[in-house]
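In: coordinates only, sequence not included:
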């Protein structure tokens, strides 16, 4: 073994090749605001809630058997694979062969969906007299690019493909969507602001899972492959895809994912999400923690592995993950089929980890445990492994995100109204499943009240939930005797600044100091007083005999977080991992503001009108759907994520902006 390890050390590729794509983490502000601190508490408590619910219903083997199928269907949906894409002709083509003394390599490409070209290398031992145990080797984020030509990350993993073949396995090593010979996109939300991916229910994790499933189809078509002895493995991103493919496809009989999964505590508390591509995450509709995905491989043989100083998959999370898995395998009476190996080192698939993986497959796919007498090493240049001489001009790899998850079909005229109840229920389950319980207390209390020239400005504090303090403001005539409608203005950041300017004009001459009353609002904000804007509000009070209310949801105004766009991206991705979106939770905040109006005006049962402009237009329309007391809605043109508006999980799969407008029209204005 000492000689083997020494040989490995001399032959291995540099492990730095296997790091994830560059991270954009920005440290928190040096002077966090109360809103920053409240947000940190919110993420901490939400993460704990999701973690505590993870597999909590599984207490017996029968529980697991009863829920396994349901969980698999949910995962399929959260990867954008429900219904399954069409099983089209793979159109597999072998473009060349390479030979060594004891194995050959076939260079090939196939199409998991039409015109999505995936490049791969199939390693086969030269000598075999029966179908072979087979490994699907998933590539991680290794960049092999020279002069802007990508040779595919399979070139960086060739030492492992060859090693498996030299040890008696067929091994198909597939390129990824993002770092294959035709480069696609893994970082739409992380780096490019492509928040519409959430609304479409699209994640590149789904594409990678489908690539792996179709790769299994290809392997099963090959006479060299024993279809009852297929294993899967990979490191980092390749480890992540090993989990999803193995969870969804029972043709995988044994798995050994290395450093491809941890838990929400690592991702959110310890900022790992800021380093990871979108390909590591599903659309978390059902609010899973990652052990629930991992457990779907049970009771098949599963080796969980990593290193003790991995900066991207922390040891603490790996330990919690293995505890969940060990419990499930113990319930099923299959403890001998679960293994856990941690080797010393940083983010790498090192010698010791490779030996553990090969021994695992030898035991569970071959039924033997022979000495390992050769070392993993590279035999070819990257150029030799290149599949395409010229890239196909019809490839959809670079824009597969636009078509992989189909958008929902527009509803026919009147269909939204006739199906209103079922459509709203679908929205609640698929887009807003991360909302708290409907009966959550408001914890309301008055904040201040000041008067001038017969006009009263008052404010109430309440909570959207206990870590999200909010404030709503009322402007009304002192002499008002109740019964007026309340026009609630939903403020985006621009409207918040305009609102502050109007109320600076309200301050002079007060018997109470407005600046003291509104100290929080005015801190750090310096818009000049706008008397004309305030006079416009006074006229609206008079002309319409109405009470005006003003509200900014989380992330805006008093509740704005520090940092720029990159930090906001980090915040939004944390919501995403928790099965929420920032916009979706702002919808909940607006609903709570409507409920606060009824709390403050309980005696006269105020009718509520909603008005919004700019970035809050879609949030306000959604809130109106769920609050039956809203009798009128005034909003600007719908803004989706493509035009700077909000994103809502899975929304585009079953509704569109016109349908939301029709649903509101069915209940508003009666």
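Out: That came through fine. For clarity, every value in this text was computed on a predicted model and none was experimentally measured. Numbers count the residues shown, from 1 in each chain.

In: So what's the residue count around residue 481?
Out: 7 (other C-beta atoms under 10 Å). Every residue, glycine included, has its C-beta placed from N, CA and C.

In: How about residue 443?
Out: Residue 443: 12 neighbours (other C-beta under 10 Å).

In: How about the contacts made by it?
Out: 462-463, 466 (C-beta atoms under 8 Å, 6 or more residues apart in numbering).

In: same thing but 7 Å
Out: Contact analysis of residue 443 by C-beta atoms under 7 Å, 6 or more residues apart in numbering lists 462-463.

In: Do a quick rundown of the helices in the stretch 101-250 of the chain.
Out: Along the stretch 101-250 of the chain, counting by DSSP state H, counting those that start in this stretch, helices occupy 158-166, 188-191, 196-200, 204-221, 237-248.

In: in this protein, what spans have low per-residue confidence?
Out: 1-30, 507-516, 524, 667, 669-670 (pLDDT under 70).

In: per the record, what domains does it have?
Out: 2-17+59-402, 432-649 (automatic domain parsing).

In: Comparing those domains, which comes out most buried?
Out: domain 2-17+59-402 (a mean of 20; mean count of other C-beta atoms under 10 Å).

In: What is the distance between it and the centre of its chain?
Out: Distance of domain 2-17+59-402 from the chain centroid (C-alpha atoms, centre = their mean, to the nearest Å) equals 19 Å.

In: Give me the next element, helix or strand, following the helix or strand hosting residue 457.
Out: Assessed by DSSP states H and E, residue 457 sits inside strand 455-465. Using DSSP H and E, the helix or strand that follows strand 455-465 in sequence is strand 468-477.

In: Now do that following strand: which elements does it pack against?
Out: Packing partners of strand 468-477 (3 or more C-beta pairs under 7 Å, 6 or more residues apart in numbering; DSSP states H and E): helix 34-53, strand 455-465, helix 531-544, strand 547-551, helix 582-600.

In: quick one, which of those is nearest to residue 265?
Out: helix 34-53 (6.0 Å; C-beta to C-beta).

In: Which residues does that closest one contact?
Out: Against helix 34-53 from outside (C-beta under 7 Å, 6+ apart): 28-29, 263-265, 268-269, 287, 289, 467-469, 559-562, 571, 574, 578.

In: re the thing from before, please produce a markdown table containing the domains of the chain, extended by distance to residue 426.
Out: Output for the domains of the chain, formatted as a markdown table (distance: least, C-beta to C-beta, whole Å):
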| stretch | distance to residue 426 |
| --- | --- |
| domain 2-17+59-402 | 11 |
| domain 432-649 | 10 |
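
In: closest one to residue 412 among those domains?
Out: domain 432-649 (19.4 Å).

In: ok, the closest residue to residue 663 other than its chain neighbours - contacts?
Out: Among residues not flanking residue 663 along the chain, residue 416 sits closest, at 5.1 Å (C-beta to C-beta, 6 or more residues apart in numbering). With contact taken as C-beta under 7 Å, 6+ apart, residue 416 is in contact with 423, 659, 662-663.
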